[in-house]
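Engineer: mind folding the following:
(one chain, ligands or ions: 1)
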Amino acid sequence: MSTGDPHASRPLRVRMAPSPTGYFHVGSARTALYNWCVARRGHGTFVLRIEDTDRERHQEEQYQGILDALSWLGINWDEGPYRQSERSAFYQANLDLLFDGGYLYACDCTREHVEARTKGKATPGYDGHCRNRGLGRGPGRALRFAVPEGGTTVVHDVIRGDVEFANHTIEDFVVAKSNGDALFVLAVVTDDREMAISHVIRAEEHLPTAPKAVLLWEALNSLGQEHRDGVVMPLPLFAHLPVLVNERRQKISKRRDRVAIEDYRSEGYLPEAIGNYLALLGWSFPDGRELFTRDELVEAFRLEDVNHSPAFFDVQKLRHFNGVYIRQLSDAEFTSRCRTWADEAQDQLGTSVYDSPEWLALAPLVRERVCVLGEVPGYIEFLRGGDLSIDGGSWDKAVAKDEEAGSILSAALSGLKELPGDRWRAGEIKEVITAVAAAHGRKLGKAQAPVRVATMGSTVGLPLFESLQVLGRDAVLRRLSHALDQLRANMQVPGAGQACGPGSGSGKGG
Ligand code: GLU
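Structural biologist: Numbering: from 1, shown residues only. Down below sits the predicted model:
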């Protein structure tokens, strides 16, 4: 894999080891993607292992959530999902081996005792109190690893080079709790060995535990513990991926940022756009190119090109990417994505609208204007039969406060009435409104505004004339006269503001 990799001849086996947390973090998605790319590019094996050490807390639903998120992102695995909660026999076997081999010792110190003893001392952490007490294993006793006092432990990292840790800075860490359960670091090492993992590619936050993993790994090797195929396992190569930060350079977190893949999915992001964008968080192609299909990414991606500086997770850029991907969809594909999205998000507009001829006529215009699928309904809501929901702000601005609005609407109504059904086309509608504009000494755009609000509900949205053609003669005439009635009665139109799409100001006027 990398130059200087002493294990280049090992079968390439990588793994993704998410913990169930109730949502799938964009950082986990990037970790999964990088592992997947490495496996696919090197014709290796991608193992999925769920680190659900505590089964009660981690619900079944959360486990399923991880599988769903990965599948949605198009990241498939070759082995697993394994579940840590089902593997405690492996962990116990290694604890026995390490204890009998003298690498572990039992410890009955409480946290309070340790704190009382170490308060004010230069080296924080455990002070080795039980190291030579010769306690046997038993309930109420944790197991700690006896870290060598001198020397260093080296973590070989593809991205960061060799990272050295002085052993005196590593405390005698706990590997099994006082109730006998193995701790995370031991479980990870046991699994990585048992699964013959060659490259551990994971988030930077795990770098501090990496020297502990190396110590455990080497201890198990020195005890002659062999992998199931009878091979003593060489240390894996590590790759600790750069942290993702927000615009304030803070590590992104659920508390302050939008980090759940599920949220992006329900807003109408496309998995391929998210995948492409995430690939660029820490990795870049030497020539600066940014758009990659999944196959191209597999071809181009190299772990060695990942850098270690924090990567800015820029939601605006992700939005832009998503728009680019949406515009690349064919009419049929766009329609099918919209339908699936509406179904999943249980959008009020429903899914049947996407089967209508009106939709088919407008879909290309919508596709040009949206960045996420969640904006689509806002653009086509005006097609819905029954009462038009008019954006209150738009009504105020373009109708109520425009003294000529009444005259424009009434001229538009009579002009359009003259157009018979067989001439009800965008071009002819435009001619009528152009004449209305001229009669009022206005530019076309200025005359369009009240007509647009009266028939489509908002000052922004799809191009007016195409939309009115699709909406149909009857509905247009009905809405115009309804608006005139409202205006004459000097009534405020109830401001049923729209939550997204054109009403939110993200669309373009037509
Ligand atoms: N379970 C850890 C996580 O969800 C991953 C640990 C590892 O990859 O070694 O971040």
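
Engineer: now do the strands in the stretch 251-400 of the chain.
Structural biologist: Secondary structure of the stretch 251-400 of the chain by DSSP state E, counting those that start in this stretch: the strands cover 311-312.

Engineer: what does it have sitting close to the ligand?
Structural biologist: Residues of the stretch 251-400 of the chain lying near the ligand by CB under 6 Å from any ligand atom: none. Heads up, the C-betas are built off the backbone N, CA and C, glycines and all.

Engineer: can you give me the end-to-end distance of stretch 306-319?
Structural biologist: Stretch 306-319 has an end-to-end distance of 23 Å (CA to CA, to the nearest Å).

Engineer: who's the residue of the stretch 101-250 of the chain at minimum distance from the ligand bridged to?
Structural biologist: In the stretch 101-250 of the chain, the residue that lies nearest the ligand is R202 (3.5 Å; CB to the nearest ligand atom). Listed by DSSP bridges, the beta-bridge partners for R202 are H240.

Engineer: okay, now it: neighbour count?
Structural biologist: Close neighbours of R202, defined as other CB atoms under 10 Å, add up to 24.

Engineer: that one and R141: what is the separation?
Structural biologist: 31 Å (CB to CB, to the nearest Å).

Engineer: with A176 instead?
Structural biologist: 9 Å.

Engineer: which of the two has more neighbours?
Structural biologist: Between A176 and R141, A176 has the larger neighbour count (other CB under 10 Å), namely 25 against 20.

Engineer: pLDDT wise, what is the residue lying closest to that one once chain neighbours are set aside at?
Structural biologist: Spatial nearest neighbour of A176, chain neighbours left out: L143 (4.0 Å); criterion: CB to CB, 6 or more residues apart in numbering. L143 is assigned 98 on the pLDDT scale.

Engineer: and L143, what helix or strand is that in?
Structural biologist: Assigned by DSSP states H and E, L143 falls within strand 142-145.

Engineer: contacts made by that strand with the rest, please.
Structural biologist: Residues from elsewhere that reach strand 142-145, judged by CB atoms under 8 Å, 6 or more residues apart in numbering: 95, 98-99, 103-108, 126, 130-131, 137, 172-178, 212, 215-216, 219.

Engineer: tell me the buried residues within those.
Structural biologist: 95, 98-99, 103-107, 126, 130, 172-176, 178, 212, 215-216, 219 (16 or more other CB atoms under 10 Å).

Engineer: my guess is L135 is in a helix, correct?
Structural biologist: No - read with DSSP: H, G, I helix; E, B strand; the rest coil, L135 is coil and lies in no helix.

Engineer: for V376, what are its contacts?
Structural biologist: Counting by CB under 8 Å, 6+ apart, V376 makes contact with 268, 338, 341-342, 366, 370, 501.

Engineer: which stretches of the stretch 151-300 of the chain have low pLDDT?
Structural biologist: 226-231 (pLDDT under 70).

Engineer: gap between F382 and the ligand?
Structural biologist: From F382 across to the ligand, the span is 46 Å (CB to the nearest ligand atom, to the nearest Å).

Engineer: for that residue, grab the count of nearby residues.
Structural biologist: Using other CB under 10 Å, the number of residues around F382 comes to 24.

Engineer: for it, which non-adjacent residue is closest in space?
Structural biologist: Nearest non-adjacent residue to F382 (CB to CB, 6+ apart): M456, at 4.2 Å.

Engineer: check the one you found and give its pLDDT.
Structural biologist: 97.

Engineer: from what I see, it and I380 are in contact.
Structural biologist: No - the pair M456 / I380 is not scored as a contact, 9.9 Å apart, by CB atoms under 8 Å.

Engineer: okay, and the common contacts of these two?
Structural biologist: In terms of CB under 8 Å, 6+ apart, M456 and I380 are both contacted by the residues L462.

Engineer: over to the nearest residue to A300 once chain neighbours are set aside: give its phi and psi.
Structural biologist: Excluding the flanking residues, the one nearest A300 by CB to CB, 6+ apart is F285, at 5.4 Å. When read as degrees, to the nearest 10, the backbone of F285 gives phi -80, psi 140.

Engineer: list the contacts of F285.
Structural biologist: 292, 300, 305.

Engineer: mind running it again at 10 Å?
Structural biologist: Counting by CB atoms under 10 Å, 6 or more residues apart in numbering, F285 touches 279, 291-292, 296-297, 300-302, 305.

Engineer: contacts only, for the residue nearest to G151 when sequence neighbours are not counted.
Structural biologist: Nearest-residue entry for G151: N167, 5.2 Å, with adjacent residues in sequence omitted and distances by CB to CB, 6+ apart. Going by CB under 10 Å, 6+ apart, N167 touches 147-153, 211, 215.

Engineer: out of those, which end up buried?
Structural biologist: Buried among the contacts of N167 (16+ other CB under 10 Å): 147, 153, 211, 215.

Engineer: name the SS class of the first one, please.
Structural biologist: The local conformation at V147, judged by three-state DSSP, is coil.

Engineer: next one: it from L135, what distance?
Structural biologist: Counting by CB to CB - V147 and L135 are separated by 18 Å.

Engineer: what of A449?
Structural biologist: Distance from A449 to L135, by CB to CB: 83 Å.

Engineer: so which of the two has more stuff around it?
Structural biologist: Each of A449 and L135 has its neighbours counted (other CB under 10 Å); A449 has more, 20 against 13.

Engineer: so what does the more buried one have for phi and psi?
Structural biologist: Dihedral angles (degrees, to the nearest 10) for A449: phi -50, psi -50.

Engineer: that one is in contact with I408, isn't it?
Structural biologist: Yes - using CB atoms under 10 Å, A449 is in contact with I408, at 8.7 Å.

Engineer: who touches both of those two?
Structural biologist: Contact with both A449 and I408 is made by residues 398-399, 402, 442, according to CB under 10 Å, 6+ apart.

Engineer: by neighbour count, which of those residues wins?
Structural biologist: V399 (25 neighbours).

Engineer: can you name the residues of this structure that neighbour the ligand?
Structural biologist: Residues of the chain found near the ligand (CB under 6 Å from any ligand atom) are 17-19, 51, 188, 202-203, 206.

Engineer: let's see 8 Å
Structural biologist: Within the chain, the residues that sit near the ligand (CB under 8 Å from any ligand atom) are 15-19, 21, 28, 31, 51, 184, 188, 192, 200, 202-203, 205-206, 209, 213.

Engineer: those in helices, which ones?
Structural biologist: 28, 31, 184, 188, 192, 213 (DSSP state H).

Engineer: distance to A437 and neighbour count for these - can I get that in CSV?
Structural biologist: What follows is these, written out as CSV (distance: CB to CB, whole Å; neighbours: other CB atoms under 10 Å):
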residue, distance to A437, neighbour count
S28, 55, 22
T31, 57, 20
F184, 70, 16
V188, 70, 25
D192, 72, 24
A213, 73, 21
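
Engineer: before we move on, back to that, any residues in contact with both of A176 and R141?
Structural biologist: Residues touching both A176 and R141 (CB under 10 Å, 6+ apart): 106-107.

Engineer: ok, back up a step: narrow the contacts of F285 to those that are buried.
Structural biologist: Here, 16+ other CB under 10 Å leaves 279, 292, 297, 300-301 buried among the contacts of F285.

Engineer: tally of neighbours for R249?
Structural biologist: 8.

Engineer: wait, doesn't it sit right on F313?
Structural biologist: No - judged on CB under 10 Å, R249 makes no contact with F313 at a distance of 11.1 Å.

Engineer: hmm, back to that, quickly list what the residue nearest to A176 is bridged to.
Structural biologist: A106, A176.

Engineer: begin at 16 from here
Structural biologist: Got it, the first residue is 16 from now on, which makes the last one we talked about L158.

Engineer: run a quick neighbour tally on it.
Structural biologist: 24.

Engineer: again, but for N291
Structural biologist: 23.
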